[in-house]
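**Q** Here is a sequence with its predicted model. Questions after.
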Amino acid sequence: QVQLVESGGGLVQPGGSLRLSCTASGFPFSDYTMSWYRQTPGKERELVAAIGSGGDGTNYVESVTGRFTISRDNAMNRVYLQINGLKPEDAALYYCHAHSEGAGNYWGQGTRVTVSS
């Protein structure tokens, strides 16, 4: 069955760094656009970053540009989100998402990022 398993969340001080990972299984990973979303209570889920199936195209929400980097390893079926310069407003539940037009649309269970001094 399809699985997206996120890891790497935790408690970090403002200005700190984290690397989130998402390991995929059960679908042809290299055919899918992979994204990271985040959500806080009472707000809609927000697209943070996305990377094309071949890893050659990325885009970011303006608020994280220059601080977040999305990457993928198609041989390992993994996508990563490197987060630097964490701000309190980055605290959220971060979700991994896989999408392929006409094929599939899958979500992970989320990993929590907490920013506090």
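**A** Great, that's in hand. Numbers count the residues shown, from 1 in each chain.
**Q** residues contacting the residue nearest the centre of the chain?
**A** Nearest to the geometric centre of the chain sits Trp36, at 2.7 Å (Cα atoms, centre = their mean). For Trp36, the contact set (Cβ atoms under 8 Å, 6 or more residues apart in numbering) comprises 20, 22, 47-50, 70, 79, 81, 94-97. Heads up, the C-betas are built off the backbone N, CA and C, glycines and all.
**Q** Measure how buried Gly104 is and give me the count.
**A** For Gly104, the neighbour count with other Cβ atoms under 10 Å is 14.
**Q** which other helices and strands contact the helix or strand of the chain with the lowest mean pLDDT?
**A** Within the chain, confidence by mean pLDDT, DSSP states H and E is lowest for strand 104-107 among all helices and strands, at a mean of 92. On a contact count with 3 or more Cβ pairs under 8 Å, 6 or more residues apart in numbering; DSSP states H and E, strand 104-107 meets strand 92-100.
**Q** Now tell me what touches the strand it packs on from outside.
**A** 4, 6, 9, 20, 22, 24, 27, 29, 31-40, 45-46, 48, 53, 79, 81, 104-113.
**Q** at 7 Å instead, please
**A** Contacts with strand 92-100, where a contact means Cβ atoms under 7 Å, 6 or more residues apart in numbering, come from 4, 6, 9, 20, 22, 24, 27, 31-40, 45, 79, 104-108, 110-113.
**Q** what do you get for stretch 50-63?
**A** Residues outside stretch 50-63 that contact it (Cβ under 7 Å, 6+ apart): 30-35, 46-49, 68, 70-72, 74, 79.
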